[in-house]
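Colleague: After the sequence you'll find the predicted model.
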Amino acid sequence: MATANDNYELLLRALLPKEIFDYFEIVKVIVSDNNIDLHLDERDFKPDEYKDEKLTSKGFHATSVIQDFPIRNRSLFLHIRRRRWLVEPTGEVVSRNWDTVAKGTRLTKGFAIFLKGLFGQIPDKQ
């Protein structure tokens, strides 16, 4: 029998961009009266620019929280943990380069574009 989290994951897969699930794994979903908090961990796929290097996973960066489009009057927050890798030969710590957040905001680009269309600008306070 499917758990509540399994059902939430199926629903979120239908609502969110496919690319999120290509690169991130859902680790927790919390649904409250006002919010949906989706916790995502970056999958352990080496960054393309380091595919020929010997890398060792070194855990995650601090969690970033990004607000996305609301769902049924609930704010949607993506809690994203990005991976870090150690390049063995150099000792350098590297991460995948993500360009998913609208510059100067804590919103996804799609949500920022929506707000700009609605208000004529991206609100600076959330």
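Modeller: Arrived safely, thanks for sending. Numbers count the residues shown, from 1 in each chain.

Colleague: To what extent is residue 20 buried, counted in neighbours?
Modeller: Residue 20 is surrounded by 19 other residues when neighbours are defined as other CB atoms under 10 Å. Using the backbone N, CA and C atoms, a C-beta is placed for each residue, glycine as well.

Colleague: Please report how far it lies from residue 52.
Modeller: 27 Å (CB to CB, to the nearest Å).

Colleague: From start to finish, how long is stretch 76-87 in a straight line?
Modeller: Across its full length, stretch 76-87 reaches 35 Å between end residues, using CA to CA, to the nearest Å.

Colleague: Name the helix or strand for residue 56, please.
Modeller: In the assignment (DSSP states H and E), residue 56 maps to strand 55-60.

Colleague: so for that strand, what's the average pLDDT?
Modeller: Strand 55-60 shows an average pLDDT of 93 in the prediction.

Colleague: Can you check the pLDDT for the spatially most central residue of the chain?
Modeller: Among the residues of the chain, residue 80 comes closest to the average C-alpha position under CA atoms, centre = their mean, at 4.2 Å. Predicted confidence (pLDDT) at residue 80: the value is 87.

Colleague: and it, what does it touch?
Modeller: 24, 40, 42, 63-66 (CB atoms under 8 Å, 6 or more residues apart in numbering).

Colleague: if I look at it, how far off is residue 88?
Modeller: Taking CB to CB as the criterion, residue 80 is separated from residue 88 by 26 Å.

Colleague: do the same with residue 21
Modeller: When CB to CB is the yardstick, residue 21 and residue 88 sit 30 Å from each other.

Colleague: Over to residue 61?
Modeller: Plainly put, residue 61 is 19 Å away from residue 88 if you go by CB to CB.

Colleague: Same drill for those two, tell me which one is more crowded.
Modeller: The neighbour comparison of residue 61 against residue 88 (other CB under 10 Å) goes to residue 61, with 14 against 11.

Colleague: Look up the closest residue to that one, ignoring the ones flanking it.
Modeller: Counting by CB to CB, 6 or more residues apart in numbering, residue 82 is the residue found nearest to residue 61 once chain neighbours are left out, at 4.8 Å.
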